[in-house]
Every structure is written in structure tokens, then in C-alpha cells.
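**Student:** can you look at this prediction? I've put the sequence above it.
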Amino acid sequence: MALVLNEEQTMLRDSARGLISDKAPVAHLRKLRDTKDADGFSRDLWKTFAEMGFAGLLVPEEFGGSGLGAVEAGVVMEEIGRTLMPSPFLSTGVVAATALSRGGSAAQKSEYLTRLAKGDLIASLAVDEGAKHRPNKTAMQAVRSGNGFRLNGAKALVVDGHVSDLLIVAARSAGKPGERDGLTLFLVNPGSKGIAIERTAMVDAHNAARIVFNDVEVTADSVLGEVDQGGALLDGVLNVGRAAVAAEMVGLSDEAFTRTVTYLKERKQFGKLIGEFQGLQHRAAHLYTEIEIAKAATLKALQVLDTDFDNAGAAVAVAKAKAGSVATLAVQEAVQMHGGVGMTDAFDIGFFMKRARVCQELFGDSAFHAEQLAELKGY
Amino acid sequence: MADPEKFRAETRAWLEANCPPEMRKPVVSDADVFWGGRNTTFSSEAQRVWFERMRDKGWTVPDWPKEYGGGGLDLEETKILRQEMSAISARLPLSSFGIWMLGPALLKYGTDAQKREHLPKIAAGLIRWCQGYSEPNAGSDLASLQTRADIDGDDYIINGQKIWTSMANFADWIFCLVRTDFSAKKHDGISFILFDMASKGVSTKPILLISGKSPFCETFFDNVRVPRSHVVGTVNRGWDVAKYLLQHERSMISEVGERRGARPLGQVAANSVGTDEQGRLDDPMLRGQIAAFDIDEAAMACAAERAVDLAKAGQGHPAYSSALKYYGTELNKRRHEILMSSGGIDALEWESPRSREGLAARTWLRTKANSIEGGTSEVMLGIVAKRILDLPGA
Ligand SMILES: Cc1cc2nc3c(=O)[nH]c(=O)nc-3n(C[C@H](O)[C@H](O)[C@H](O)COP(=O)(O)OP(=O)(O)OC[C@H]3O[C@@H](n4cnc5c(N)ncnc54)[C@H](O)[C@@H]3O)c2cc1C
């Protein structure tokens, strides 16, 4: 498969870009932040998103979706990255849609996927517990009780957790924290007794929550996939999420970079455009190269997810690690090359720096993924 | 192309049947590379057999037209052939500046006669070429070159000196930049000309490198007589040809880090420093460095693949090769720094059979030139800044 977008994907990108840049420029995020919006995203916009087929992009056609793949999800994520639009696309349209279509029973699929595709259901994955993303270290307990389970534990960085209609929770039904086996995924109603959800206002003004589960009863029907065998399903779901976040980081890097280059061509100091200084030219050229390389690695990972899902681990690790370190560089250089104005809240560039930091942590930072690759390569 | 999967299957079967096992091992020393030329010899029977079979298929230059000794493959087929060769770690049958640099320039700018004369000989490894670009006072600032070509009847008379001419002492012919108009602006008075290194008045003097090898020369021209018909492209417009050729040179150099079949860095390091109880490299900092390197290397491989696909889709940029040249060469230097620290004391040996005559150290030193040859990293960044990013002050 060629490492470029085909015609349909290019059309998808153009329509996503049109909508997002029109309806949700950075000012949209700024307004949600400044007004401390209760939802943290625009429900109207999400409806429009759903009507254009984006919410159900990864939902199979029989459940009302468009049945497209990771590449298409990445295309939309990249556009989201360009304006930092907050939306449940990642949590719901990408991660939950993948979890439900890959792990769901017939009943679970028809119950949830149809609503999801319509934009009527927001769903979140609750996996992380400690400060860093370490799925194998999941400690949250799922103890058998009657013909169901009782959940105890706490989750952090649950994207869109406070606006969710459905939680997909990773818990340990067997084994010890640190072991890969023994995980089970559960579909949990956030309104269940014993659940406490705290919306965490984060540095990037996007949605996330901490959730505490205290003796939460769930039935056997709520198991997504197989009991004790959730590790593989979770891995696959996370990989799609990781590649999607890599795509978001490529978008935000590219946008921060474009703004920076524009500034280099406008700002004068010492009677010259600052873009004439070789010190800045070379840094800009280096950054350009890094971004191109992150783009290629990300598209590759998305393609491998579509063609060889079960063996996409290495390509995804490369993409998430590379996009993460490149995004970090891109936003740091952006602020630095904008000088003092880059440090002001009134100027948009800082939003990119904040979002990049969150995306770097989300589903594993660059070091985590370098470690994954070393594991896979056996050294 | 009719059917890529059919082509892939056929190619795979052909390679399987025709590539000798000895030619499926990583290149380690100079003897493993076949450069062709008038005075060439094969270092093994397998090398000869492999070269001849590939030549007969036109696969020394798979994407060149058949009439010039190529394989007539389209870009997709060429990509498949490369992938299938990599998959079995097949060596290149023939390495040559003629293939990587001059050929593409001739295909674009050469006359019919020039193409018919030179391309088949390049494809068949009969003539070995060298590149006469740099001069003592024209390195990064290549267009300030001073070697002169003066008209004398149907000939030019060439005088001057080139430097850093890689392997000039082994080359049969040279593609050379000369000044044909001293009154024009510096880019406008240059011509691109071809001539035989055996011509009267050509002499070479090897220069020793820090790696202890001598791959390049000072090259002197003393009243060398060359027919005017040997100019490629328009007289005084040689800079266009030179730049086009440099794009190909840069793409080629950006691939220096591509290791066909070589053992992964992590395993090389594990062999030398050992592993802990969990089977991990017994040096966490080195392991981290290697993992970070592996990420960048894998990502770079994607970018190189994408460059081809972008070009094919008509979305390429002529200066893109500069970006990849910069990245690929800096990466390869990093690889060899890591290899040296993985090897530790053993990698320091310079003259011993155990170290294969200092292979690690010599290769490490040689890679330092990657970011100099074909245009320095600083020059590549300058090109990206001006041509792609359109920053001011060109
Ligand atoms: C192994 C090897 C093989 C080679 N093979 C060949 C060959 O076959 N044929 C051939 O013709 N040439 C060949 N070269 C020559 C090569 O192209 C030149 O060495 C190269 O272009 C740099 O020129 P220079 O050595 O004169 O360095 P200089 O141009 O003097 O550069 C010195 C330093 O100044 C920096 N610099 C120069 N200009 C700028 C600028 N505008 N902005 C910022 N920094 C700048 C450079 O980046 C470098 O760091 C080879 C070189 C090597 C090392």
C-alpha cells in the first residue's frame, strides 16, 4: 500500500478540515475553557460530526456506521490536532468503537454501536491507574460475586469520563499487578451505585476524569470479550488509540510549525526578518524533517492496523514514540521562536504546547513505546 | 502494472532460485561490493554469478528502459523488487555512481547518442564512473568552481584541479563540472561534461582518510582534450544537470543506514555486553539509547518509503531528498556511535584478524563523512529552509 492518502481519504480529510477549521478553531477551545463549560465540548458540534459520519467512522455498516479503518480515523484525528478541537471522537469514535466492534457480543454491539454511530452515546476507556500508562500493572479488582462481578479500584485520565454514558473498564479478575494475563474488560454504567466521578481540569483544557469504583456490582453480561483474557483485546484497542493520538500529534505539530514558519517570515529584528537568520533557518529545517518522518511513521502504523491488526505493535510503538517526541520538539520550538509573545495566554501557540504534553502521556509516552519496541525486538 | 501480487510471486521465486546463499549475507568489507569497470575482478564465483544473472534480467537498473539495459519496471514493480530483495537480504549485484547518479541525469538530459553510448555500459558494469564536482575552493559553495574548459575546434581543452574525487584512481570515466563562461554569473557559466580518465593529461593522487583508507583523490587536468559533443545538456546550463544529479546522490546517501539483513543493534550489543536475568541488555542506559535509535530508524525507513510514494503520486518536492539526506546521515552516524559503545574495548582494535582489521572502528570513522559528502548537513538544512519552507534571504 502506498504511504500516501488515496482519493477517498483525501476527500475525507478535506471535509473534516473544512468543518473543523470553520466550526472549531482554537478560539472554540479557548471559549470552552474560559467559560468553564460543563461538558467541555460542544454537543451541537458532536451532532454535526455524527451526521457527517465521523462518529461512526469505525462502526461496521450493519450498525449504522461507515465501516472505515484506522487510516480514516487518523485522517480525522490529524485535523482535530490542527485546531485542538475538543470532542469525544477519540474516546468514543475511535477507542470505544474499536473495543465494542472487536470485543462485543452480538447483543452488546447492537445495543451500543448503533447509538454510538448516531452520536447518541459517549463512551470512555478507563485503564490507567498510576501516574504513568502501564496497562499490565492494572490493580483494580474484579471479584466474582453471584453470577457477576464486584469492582473495586480507581482510574485516572479517563478521557471524557465525566460526560460518558458508558465506561469500558479494565480490571483484574485474576493474577497480580504486573502480569499480562488476568485482565477483563467490563461495560459499566457510570450511574451505577458505588461510582464516584471527578472531572479533572487539566493543563490542556480537554476532558478527563478520575473515577473511583467502590463495590460496584456488574452482571456477567457486562463482560466485554472473554473473562481473564482481556489483555489482547485491550492491547489492540489501545494500539488503535495510540496511532490515533500519534495522528493528532502530527496534526498539532504541523500546525504549530506552520504558524512558526509564518512568524519567521513576518517578524523583524535587527532590521531583518528573523527568518533570515541561519540559526533559526536550520532549526526550522530540522523540525520540518522530523515532522515529515513522524508523519510517515504514523501513516505506516495506521495502515498496518488496517492490514495486519494483530501484528501492528511495533509499527504503533514507533509511531507513538516518534510522534510524541516530535510534537514535544515542535511546540517547544514554536514557543521559543515566537519569543515573548509565545509565552502569553492571549496568543494561541501555548495551547499547542499544553495539548502536546497530554498527548505525549496518553496511552504511553515515547519512553514507554521505546521500551515496548525493545521488548518486541528481544533485547 | 497488471497484477502486483503476481509480479511479487514471480520475483520472489526468481530470486529464490537465482540468488546464491553467499549473496544473502550482510556486506561487511569492501570485497563484498562489486563496482564493475574495465579493471574489475569478482571477489567470488557467487558474486559473479549473482551479478550476471541480475544483469541479464536488466535488474542492475530495474527501472531503466529495456533498450538501455534496464529492466523496464515501473515504480511499483521496482519497489516490490526491492522489498523482495531485502526480505532475503540479497546484496546489490552492482554498486555504481553510474547507476545512482549519472544514469538518472543522462536519462533526463542526455542526447539519444549519449544515452545509447553510456547507459548500457553502466547497466552492464563495464565502465566505472567518478564524480568531478568539488575543488579545493569549491566545496559547499560548489558553483564557485574554477576548472576551465576552453574551446579548440571541435574540442574543449580542460585545465584545473578537482578534489575529494571518490575512487578516481579506480574509475574509467568522469562526469565533471567545468567552467565554460567566466564572464557570466557563477551559476550560469558551468557545463557538465563526460570524459575518459585515460585521456592524456588526467592524473590522480589518493588522499588518506581518518579511517586509514583511501577512497578519494586529488584529480588534476592538464590540457585534457575532450570532444564538445561530450557536454550533457546545454552548454553553460550544466548547473541544472548538476543539481538534478545531486538529488539522486542525496537520495542514495540518505539510504546509507539501510542495513540489509544485518543483525539488529540490540542483539549486537547483547552479544558483547551480555543480558540480565530477564534477558534484557545488561546496560539499561545503552538499551535505552538503542531503543530510541530503533524508533528513529524505523520511522526514517517509513519516510524513505513515503518519499517514493509521494513522488509517484506527483506530490514530491525536488528538495525533499535534502531533508532525508540530512536525517539519514545523522542517523547513521548515531548508529555507529552506538555500535562503538556496544563493542566497547573490542571495537577499538585497529589491526587484528579478530577485529577483521578494525572493521568497526574504520566503519565508524567512515560514517562521519556521510554528513559531509554530497553536501553537508548544514547545506541540506539551508536548502530545506529556502526551497521548501521558503524562508527569506536565499
Ligand atoms: C567521503 C567523501 C567523499 C566525497 N566524494 C566526492 C566525490 O566523489 N566527488 C566530489 O566532487 N566531491 C566529493 N566529496 C566532497 C564533498 O562534496 C565536499 O567535501 C562537501 O561538499 C563539503 O565541502 P568542503 O569539504 O569544501 O567543506 P566546506 O564547504 O569548506 O565546509 C566547511 C564547514 O562549513 C560549513 N558551511 C559551509 N557553507 C555553509 C553555509 N552556507 N552555511 C552553513 N554552514 C556552511 C559546512 O557545513 C562545514 O561544516 C566527498 C567528500 C567526502 C567526505
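**Tutor:** That came in fine, so what should we check first? Residues are numbered from 1 along each chain as shown, chains lettered A, B, ... in the order given.

**Student:** so what's the closest residue to A:L273 other than its chain neighbours scoring on pLDDT?
**Tutor:** Excluding the flanking residues, the one nearest A:L273 by Cβ to Cβ, 6 or more residues apart in numbering or on different chains is B:P392, at 4.9 Å. C-beta coordinates here come from the backbone N, C-alpha and C atoms, glycine included. As predicted, B:P392 sits at a pLDDT of 95.

**Student:** ok, B:P392 - contacts?
**Tutor:** Going by Cβ atoms under 8 Å, 6 or more residues apart in numbering or on different chains, B:P392 touches A:K265, A:L273, A:G275, A:E276.

**Student:** A:A99 now?
**Tutor:** A:L125, A:I168, A:L185, A:L224, A:L233, A:V237.

**Student:** now, these that are in helices?
**Tutor:** Secondary structure from DSSP state H places A:L233, A:V237 of these in helices.

**Student:** are we agreed that B:Y244 is in a helix?
**Tutor:** Yes - under DSSP: H, G, I helix; E, B strand; the rest coil, B:Y244 falls within a helix.

**Student:** how many neighbours does the closest residue to it other than its chain neighbours have?
**Tutor:** Distance criterion Cβ to Cβ, 6+ apart; nearest residue to B:Y244, sequence neighbours excluded, is B:A105 at 5.6 Å. Per other Cβ atoms under 10 Å in any protein chain shown, the neighbour tally for B:A105 reads 23.

**Student:** can you show me the helices along the stretch 201-350 of chain B?
**Tutor:** In the stretch 201-350 of chain B, the segments counted as helices under DSSP state H, counting those that start in this stretch are B:238-254, B:265-273, B:284-312, B:320-343.

**Student:** now do the helix or strand in which A:K31 is found: distance to the chain's middle.
**Tutor:** For A:K31, the host element (DSSP states H and E) is helix A:26-34. The gap between where helix A:26-34 is centred and where its chain is centred comes out at 19 Å by Cα atoms, centre = their mean, to the nearest Å.

**Student:** pull it out as CSV, backbone CA atoms only.
**Tutor:** The C-alpha trace of helix A:26-34 is given here as CSV (Å, rounded to 0.1, in the frame of the first residue of the first chain):
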residue,chain,number,x,y,z
VAL,A,26,-8.5,27.2,18.6
ALA,A,27,-10.9,30.0,19.7
HIS,A,28,-13.5,27.3,20.3
LEU,A,29,-11.3,25.5,22.8
ARG,A,30,-10.4,28.8,24.4
LYS,A,31,-14.0,29.7,24.9
LEU,A,32,-14.9,26.4,26.4
ARG,A,33,-12.0,26.8,28.8
ASP,A,34,-12.8,30.4,29.7
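
**Student:** so which elements touch that helix?
**Tutor:** When contacts are defined as 3 or more Cβ pairs under 8 Å, 6 or more residues apart in numbering or on different chains; DSSP states H and E, helix A:26-34 packs onto helix A:70-83, helix A:349-361.

**Student:** got the angle for that helix vs helix A:349-361?
**Tutor:** Relative orientation of helix A:26-34 versus helix A:349-361 (axes from the mean of the first three to the mean of the last three Cα atoms, to 10 degrees): 80 degrees.

**Student:** can you check what angle separates helix A:26-34 from helix A:70-83?
**Tutor:** On the basis of the same axes, to 10 degrees, helix A:26-34 is oriented at 70 degrees to helix A:70-83.

**Student:** what is the mean pLDDT for helix A:26-34?
**Tutor:** According to the model, helix A:26-34 has a mean pLDDT of 98.

**Student:** then stretch A:264-284?
**Tutor:** In the prediction, stretch A:264-284 has an average pLDDT of 97.

**Student:** list the buried residues for that stretch?
**Tutor:** A:L264, A:L273, A:I274, A:G275, A:E276, A:F277, A:L280, A:Q281, A:H282, A:R283, A:A284 (16 or more other Cβ atoms under 10 Å in any protein chain shown).

**Student:** contacting residues around it?
**Tutor:** Contacts for stretch A:264-284 (Cβ under 8 Å, 6+ apart): A:257, A:260-261, A:263, A:333, A:337, A:339, B:378, B:381-382, B:385-386, B:389-393.

**Student:** also near the ligand: which of these, exactly?
**Tutor:** Subset of these in contact with the ligand: B:E378, B:G382, counting by Cβ under 6 Å from any ligand atom.

**Student:** could you give the bridge partners of A:V188?
**Tutor:** A:L167 (DSSP bridges).

**Student:** let me see the contact set for B:V224.
**Tutor:** B:I157, B:I158, B:N159, B:F195, B:S199, B:K200, B:G201, B:V202.

**Student:** CA atoms of stretch B:162-182 as PDB?
**Tutor:** Provided in PDB are the C-alpha atoms of stretch B:162-182 (Å, rounded to 0.1, in the frame of the first residue of the first chain):
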ATOM      1  CA  LYS B 162      39.300  18.600  -8.600                       C
ATOM      2  CA  ILE B 163      39.400  17.200  -5.000                       C
ATOM      3  CA  TRP B 164      37.700  14.600  -2.900                       C
ATOM      4  CA  THR B 165      37.000  12.700  -6.100                       C
ATOM      5  CA  SER B 166      35.900   9.400  -4.700                       C
ATOM      6  CA  MET B 167      37.700   6.400  -6.100                       C
ATOM      7  CA  ALA B 168      39.000   8.400  -9.100                       C
ATOM      8  CA  ASN B 169      42.000   6.100  -9.200                       C
ATOM      9  CA  PHE B 170      39.800   3.200 -10.000                       C
ATOM     10  CA  ALA B 171      37.400   5.000 -12.300                       C
ATOM     11  CA  ASP B 172      37.300   4.700 -16.100                       C
ATOM     12  CA  TRP B 173      35.300   7.800 -16.800                       C
ATOM     13  CA  ILE B 174      34.500  11.000 -15.000                       C
ATOM     14  CA  PHE B 175      31.400  13.200 -15.000                       C
ATOM     15  CA  CYS B 176      32.800  16.600 -14.500                       C
ATOM     16  CA  LEU B 177      31.700  20.200 -13.900                       C
ATOM     17  CA  VAL B 178      33.800  22.800 -15.700                       C
ATOM     18  CA  ARG B 179      33.500  26.500 -16.300                       C
ATOM     19  CA  THR B 180      32.800  27.400 -19.900                       C
ATOM     20  CA  ASP B 181      32.000  31.000 -19.400                       C
ATOM     21  CA  PHE B 182      34.000  33.100 -17.000                       C
END
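
**Student:** can you tell me the average pLDDT over that stretch?
**Tutor:** pLDDT averaged over stretch B:162-182 gives 97.

**Student:** try stretch A:167-181
**Tutor:** Rounded mean pLDDT across stretch A:167-181 is 96.

**Student:** circling back: restricted to strands, list the buried residues of stretch A:264-284.
**Tutor:** A:L273 (DSSP state E).

**Student:** out of the buried residues of stretch A:264-284, who's nearest the ligand?
**Tutor:** Nearest to the ligand among the buried residues of stretch A:264-284: A:H282, at 7.7 Å, using Cβ to the nearest ligand atom.

**Student:** for chain A, what is the nearest residue in chain B?
**Tutor:** Nearest residue of chain B to chain A: B:G266, at 2.8 Å (Cβ to the nearest Cβ).

**Student:** and that residue, what's its pLDDT?
**Tutor:** Per-residue pLDDT puts B:G266 at 94.

**Student:** with the one 3 residues further on instead?
**Tutor:** B:A269 carries a pLDDT score of 95 in this model.

**Student:** for the residue of the stretch 51-200 of chain B found nearest the ligand, what are its contacts?
**Tutor:** Going by Cβ to the nearest ligand atom, the ligand is nearest to B:G139 of the stretch 51-200 of chain B, at 1.7 Å. Contacts for B:G139 were tallied using Cβ under 8 Å, 6+ apart; they are B:W164.
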